[in-house]
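> Predicted model, plus sequence, below.
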Amino acid sequence: LAYNQLEDVPPLHGQRFLSLVTLQGNRLKSLQALIDALDRCPVLRSLELAPNPATEQKANYTLTLIKSFPSLVAVDGLPVPAEDKVAAQNFFSADEAQLLAIRHAVLGDEHTDSCGDERVRLE
């Protein structure tokens, strides 16, 4: 769907196995409308969106996408590192339980505490 002058995206509900969406070079103005259209795509792994007005108007749009679609591994052709997933959660004021779950998934059962001194087991 890239480079088709699209101004919106119809809801893609029921596309459970959709993993790649390429929408760059259109006229998409609302990031939230795009998120709503793709909200039932649980295995979305790659989303190519820039350039579009929605990506130019919203600072941190990649964090918004990463937070909205936790399964993403690439945005605009760039890999989504684990640090960006944590940053997205932090940016949107995730609660402590969510942050611990992400830290556990990224770092495993043990991690270094904020002072870097001790090894702490996550429960």
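On my side now, so go ahead.

> Leu78: how many residues sit nearby?
The local packing of Leu78 (other CB atoms under 10 Å) involves 11 other residues. C-beta: built from backbone N, CA, C; applies to glycine.

> Give me the phi and psi angles of Ser46.
When quoted as degrees, to the nearest 10, the phi and psi of Ser46 stand at phi -140, psi 130.

> how near is it to Leu100?
27 Å (CB to CB, to the nearest Å).

> Phe69 now?
Computed as CB to CB, the Phe69 to Leu100 distance reads 21 Å.

> So the residue most central in space within the chain, which state does it fall into?
Residue closest to the mean C-alpha point of the chain, counted by CA atoms, centre = their mean, is Ile66 at 1.2 Å. Recorded secondary structure, Ile66: helix (DSSP: H, G, I helix; E, B strand; the rest coil).

> Stretch 74-87: end-to-end distance?
Stretch 74-87 has its terminal residues 15 Å apart, counting by CA to CA, to the nearest Å.

> what sits up against it?
With contacts defined as CB atoms under 8 Å, 6 or more residues apart in numbering, stretch 74-87 is touched by 24, 45-50, 55, 62-63, 65-66, 70, 72-73, 99, 102-103, 106.
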